[in-house]
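**Q** 3D model of this:
(chains A and B)
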There are 2 protein chains.
Amino acid sequence: MRHFLEELDDLQELLLEMAGRVEFAIRRAISALVDRDEEQAQEVLRNEARINQMEIEIDDLAVRPAGPPSAMAKDLRFLTAAIKINNDLERMGDLAVNIVERALSLIHQPPIKPLVIFRRWARWSIPWCETAWTRSFKRDGQLARGVLLSDDAVDDLRDRVCEELVAFMEKDPSTISRALDLIMVARNLERVADHATNIAEDVLFLAQGIDVRHHSETGQ
Amino acid sequence: MRHFLEELDDLQELLLEMAGRVEFAIRRAISALVDRDEEQAQEVLRNEARINQMEIEIDDLAVRPAGPPSAMAKDLRFLTAAIKINNDLERMGDLAVNIVERALSLIHQPPIKPLVIFRRWARWSIPWCETAWTRSFKRDGQLARGVLLSDDAVDDLRDRVCEELVAFMEKDPSTISRALDLIMVARNLERVADHATNIAEDVLFLAQGIDVRHHSETGQ
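**A** Predicted coordinates for the structure are as follows:
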């Protein structure tokens, strides 16, 4: 068995390699956009699977039992999950603030349309968030899996909201800046759902010891 | 000294309390928007400081030396940082893919304007990313602090891009959907910068043992 400190060196090296790949991806993405270059765009898409794979390798290395005493492996796994869930929750808090900033700006302007769809979104997505986290620590794998599935529904809802708002803008350009605020709210709500999905993935990992990240790719 | 397992229970309880606060914030944010209710908006803003505070408490509890043997505290801190940085890098990779998806859609439509500002953004922000991560593991606190400062500059750049694009849309509504794609690219680049800032914060924490998260609030 190799020494713990050597494993920390490996971890450091893997992180730097991943950082390099990510930087490459961002550079290429901007070039693809600015130079209208489809080849560079495809390169970014091809590169993505390796980045996702590396993420899993790095986390595995960070919590592998070979490092710290292996009796602690399960607790370390819980600590890892706690650190990540904490991070996701804090970002969700930031997103609520972003939404409120848009709301405060919109309150002082005439409404462009009744916001029925957002209310429906709230009614539908909030109990679903509750499911994600209040059950989290009961390690209920089934419920967490439900959250993973409904993430796609949130994406559909966002697309509908955005299409509707774009139609508004095109019909009456005076609504553009207000419609844009609402589109940003929709994006923020979508990101709330993404974080809830991350939490669900961590819970599933704890409950069943399986890694469901990047499930769509590996499921193929 | 209390038992490690009791501390895990405390951690679980704090996480659930934080989850409750975040959920409350998101509910209130949507109500503020839909009901045009400034009081609820202010409530979210007041609630944010406590969420930020809890994030720090939870991370402290997760890596405190009282739990696992204290000789390992420093290594655990490195492991925690590695897990978070890994997570930030993976998200940055996703953002590159988001940018590419917009780019692929735009490549097949007539350009609405030369994308000079994005190229400038790339030229200026990429070396800055390099700074953030290649120096990361040399624990160079000074450089990480530079990243924290330039985050505001990215926000300014994004505002300029968005204002310019909104002006385009208002002048010629036929550009709306393409301009919207570019605004989303700007948002994605801004999030790249946010993740680079997160990494810088973790590096500073490692280098100097200080917590610079929510520095603007605590600096008041």
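**Q** Secondary structure element for the most centrally placed residue in chain A, which one?
**A** By CA atoms, centre = their mean, chain A has its centre lying nearest to residue A:194, at 3.7 Å. For residue A:194, the host element (DSSP states H and E) is helix A:176-208.
**Q** can that helix be found next to chain B?
**A** Yes. Contact of helix A:176-208 with chain B (CB under 8 Å from any CB of the partner chain) involves A:176-177, A:180, A:183-185, A:187, A:189, A:192. Placement of C-beta: from N, CA and C, glycine included.
**Q** where exactly do the helices run in chain A?
**A** In chain A, the helices defined using DSSP state H lie at A:4-35, A:38-63, A:73-107, A:116-134, A:141-171, A:176-208, A:215-218.
**Q** Could you dump those helices into CSV with mean pLDDT added?
**A** Below are those laid out as CSV (pLDDT from 0 to 100):
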stretch, mean pLDDT
helix A:4-35, 81
helix A:38-63, 87
helix A:73-107, 83
helix A:116-134, 60
helix A:141-171, 75
helix A:176-208, 82
helix A:215-218, 45
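**Q** Including distance to residue B:83, could those helices go into JSON lines?
**A** Putting the helices of chain A into JSON lines (distance: least, CB to CB, whole Å) gives the following:
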{"stretch": "helix A:4-35", "distance to residue B:83": "10"}
{"stretch": "helix A:38-63", "distance to residue B:83": "5"}
{"stretch": "helix A:73-107", "distance to residue B:83": "6"}
{"stretch": "helix A:116-134", "distance to residue B:83": "19"}
{"stretch": "helix A:141-171", "distance to residue B:83": "19"}
{"stretch": "helix A:176-208", "distance to residue B:83": "11"}
{"stretch": "helix A:215-218", "distance to residue B:83": "20"}
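**Q** quick one: which two of the residues of helix A:176-208 next to chain B are the most distant?
**A** The two members of the residues of helix A:176-208 next to chain B with the most space between them (CB to CB) are A:176 and A:192, at 24.8 Å.
**Q** still on that earlier bit, nearest to residue B:115, of the residues of helix A:176-208 next to chain B?
**A** Nearest member of the residues of helix A:176-208 next to chain B to residue B:115, counting by CB to CB, is residue A:180, at 19.2 Å.
**Q** thought the closest one was touching residue B:184?
**A** No. Residue A:180 lies out of contact with residue B:184 (CB atoms under 8 Å); the separation is 10.8 Å.
**Q** And the two? Which one has more around it.
**A** residue A:180 (22 against 18; other CB atoms under 10 Å in any protein chain shown).
**Q** Report the contact partners of that one.
**A** Going by CB atoms under 8 Å, 6 or more residues apart in numbering or on different chains, residue A:180 touches A:169, B:162, B:166, B:180, B:183.
**Q** Of all pairs in these, which one is the farthest apart?
**A** A:169 and B:162 (14.1 Å).
**Q** ok, those two, which is more surrounded?
**A** A direct count of neighbours by other CB under 10 Å for residue A:169 and residue B:162 places residue A:169 higher, at 24 against 19.
**Q** Surely that one touches residue A:176?
**A** Yes. Contact criterion CB under 8 Å: residue A:169 and residue A:176 qualify, at 4.9 Å.
**Q** so what sits against both of these two?
**A** By CB under 8 Å, 6+ apart, the residues touching both residue A:169 and residue A:176 are B:169, B:176.
**Q** show me the residues around the closest residue to residue A:33 other than its chain neighbours that make contact.
**A** By the measure of CB to CB, 6 or more residues apart in numbering or on different chains, the closest residue to residue A:33 outside its immediate chain neighbours is residue B:103, 3.9 Å from it. Shown in contact with residue B:103 (CB under 8 Å, 6+ apart): A:29, A:32-33, A:36, A:41, B:185.
**Q** neighbour-wise, which of these leads?
**A** That'd be residue A:29 among the contacts of residue B:103, by other CB under 10 Å, with 31 neighbours.
**Q** my read: residue A:206 touches residue A:75, true?
**A** No. Under the criterion of CB under 8 Å, residue A:206 makes no contact with residue A:75, lying 11.2 Å away.
**Q** So if I had to pick from these two, which one is more boxed in?
**A** Higher neighbour count among residue A:206 and residue A:75: residue A:206, with 21 against 16, using other CB under 10 Å.
**Q** ok, that one to residue B:20 distance?
**A** 20 Å (CB to CB, to the nearest Å).
**Q** hang on, residue A:181 packs against residue A:107?
**A** No. The pair residue A:181 / residue A:107 is not scored as a contact, 10.7 Å apart, by CB under 8 Å.
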